[in-house]
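Colleague: Got a predicted structure plus its sequence, pasted below:
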Amino acid sequence: MAVMKALRQLIRISAAPWAAALLLSAAWPAVAADVTVLSVRVMEGKLTDRVTIGAPGPLRVSFPGGAIEQSRVTMTVDGPSVLILTYGDKTVRAPAPLTITPVSEGTVLTVTAPGDQHRYRGGLTVSVEKGAIILINTVPLEEYLLSVVPAELTTTEPAALEAQAILSRTFATKNRRRHGGWDLCDLTHCQHYAGVDTETALGTRAVKATERLIVTYDGAPAEVFYHSSSGGMITSPAYVWGGPPVPYLVPVRDALNGRELSGKSPDFIWSFVVGRESLLAALSEAVGAPVTGITVTDRDPSGRAAKVRLAGVGREIMGEEFRIIVCRRFGWGSLKSTLFELKEKDGSLRFDGKGLGHGVGMSQWGAVELARMGKDYRQIIDFYFPGTKVERPVR
């Protein structure tokens, strides 16, 4: 009940755009405070100028100058910052932004848009941008994780799910206000979040078993990353995205007692073949100049392509940037990692590689294998983030 009271108080305090996000975005003072509520933009790119929000019980829809209580409301954009609210046989013209909160705690909101539907815990802020509706889900952190953990990792190994829960909680805590007006998006750019429909009993159990636990380093929330499969080697974020080295994120073998921890991943070994001219055209479009060839000029200690030279433009790009360009054109299952060897033959380029993802932090396949070897969540996190601690922030 305390969470619902807090949400209603936020609504009363301010009617400014993204009020909940702004009021909940205080800077994190090391481990001396606790994040309890997040603002997450949901269904980005899936919303047009019309959406319907409903629930099993009454909802309070508040907007500058008024409020209504209904269990189902359809909202249609009518101008740069105005929504037409339709409920039953009535309509109300309401200025945006408006907020929607359940009258009873625990009520789940159903959001229906053309061709898409999701259910969310918590409340919603509704705004308008360029003729389209924007939805921000204001949701308690622990309830956000109920969706994220099973969406990010599918396994029946409790210890691996618990490690994932701790990392996902740490990421959300560390990355407050990542998008300015709201904390996080619901895509893999942040963490995959689809609401109630991705929740599972095992995921819920993992979240509850690790309640409020985060990874810390030197008294502050740690910078954490995870990926699907390492291909046998973990790397450092400095080699992937640039920036200073992080002492607990270093290139290491993803193996224990002679066992390849990510070896059972279907992406442990892969190959990708593409026409040379097709790939060069994609690169040329991405950089805005004709690219005539590619060469891996630097590899990091894990063996990944750290830098790729683009012939014809006299430019080097990070290996991960190269991978993202390729994947955006040819699909996210094409160039699965930068841990590859490159060969050219008969007008085609062949990439023989290992692993899936950027290779920084925890390998999810590795975490599952460690769990199968009897390791608990603390041992899994210690393996991938040496020198860190797992602890609860002080409220």
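Modeller: Cool, the structure landed.

Colleague: Grab the nearest non-local neighbour of A367.
Modeller: Using CB to CB, 6 or more residues apart in numbering and skipping residues adjacent in sequence, the residue nearest A367 is A160, 4.3 Å away. The C-beta positions use only the backbone N, C-alpha and C, and glycine is treated the same way.

Colleague: Same question for V196.
Modeller: With CB to CB, 6+ apart as the measure, R119 is the residue that lies nearest to V196, at 4.1 Å, once sequence neighbours are left out.

Colleague: Does P393 touch V215 like I think?
Modeller: No - when contacts are counted by CB atoms under 8 Å, P393 is not listed as touching V215 (11.3 Å).

Colleague: which of the two has more neighbours?
Modeller: Set side by side, P393 and V215 show unequal neighbour counts under other CB atoms under 10 Å, the larger going to V215 at 27 against 19.

Colleague: now the strands for the stretch 101-250 of the chain?
Modeller: In chain order, the stretch 101-250 of the chain shows strands spanning 109-113, 116-120, 123-129, 132-140, 184-185, 214-217, 220-221, 226-227, 233-234, with DSSP state E, counting those that start in this stretch as the criterion.

Colleague: the longest helix in this structure is where?
Modeller: Longest helix of the chain, by residue count under DSSP state H: helix 158-174.

Colleague: That one packs against which elements?
Modeller: When contacts are defined as 3 or more CB pairs under 8 Å, 6 or more residues apart in numbering; DSSP states H and E, helix 158-174 packs onto helix 141-152, helix 201-209, strand 214-217, strand 220-221, helix 364-372, helix 377-384.

Colleague: Tell me how far the residue nearest to V196 lies from Y87.
Modeller: With the distance defined as CB to CB, to the nearest Å, R119 ends up 19 Å from Y87.

Colleague: Number of residues surrounding V82?
Modeller: The number of residues near V82, taken as other CB under 10 Å, comes to 14.

Colleague: From V111, how far off is the closest residue to it other than its chain neighbours?
Modeller: Across the structure, with CB to CB, 6+ apart as the measure, the residue nearest V82 apart from its sequence neighbours is P95 (5.8 Å). Distance, P95 to V111, using CB to CB: 21 Å.

Colleague: swap in P386?
Modeller: According to CB to CB, P386 and V111 sit 42 Å apart.

Colleague: Low-confidence stretches in the protein?
Modeller: Low-confidence regions of the chain, defined by pLDDT under 70, span residues 1-35.

Colleague: so where do the helices sit in the chain?
Modeller: All helices of the chain, identified by DSSP H, fall at 2-13, 19-23, 141-152, 158-174, 201-209, 237-240, 276-287, 319-330, 364-372, 377-384.

Colleague: for this structure, which strand is longest?
Modeller: When the chain is parsed with DSSP state E, its longest strand is strand 50-63.

Colleague: Show me what that one is packed against.
Modeller: In terms of contacts (3+ CB pairs under 8 Å, 6+ apart), strand 50-63 is packed against strand 66-77, strand 90-95, strand 98-102, strand 109-113, strand 132-140.

Colleague: Distance to T292 added to those strands, as JSON lines?
Modeller: Shown next, in JSON lines, are the helices and strands packed on strand 50-63 (distance: least, CB to CB, whole Å):
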{"stretch": "strand 66-77", "distance to T292": "47"}
{"stretch": "strand 90-95", "distance to T292": "55"}
{"stretch": "strand 98-102", "distance to T292": "54"}
{"stretch": "strand 109-113", "distance to T292": "44"}
{"stretch": "strand 132-140", "distance to T292": "40"}
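
Colleague: Of all the ones you listed, which one is nearest E369?
Modeller: strand 132-140 (32.0 Å; CB to CB).
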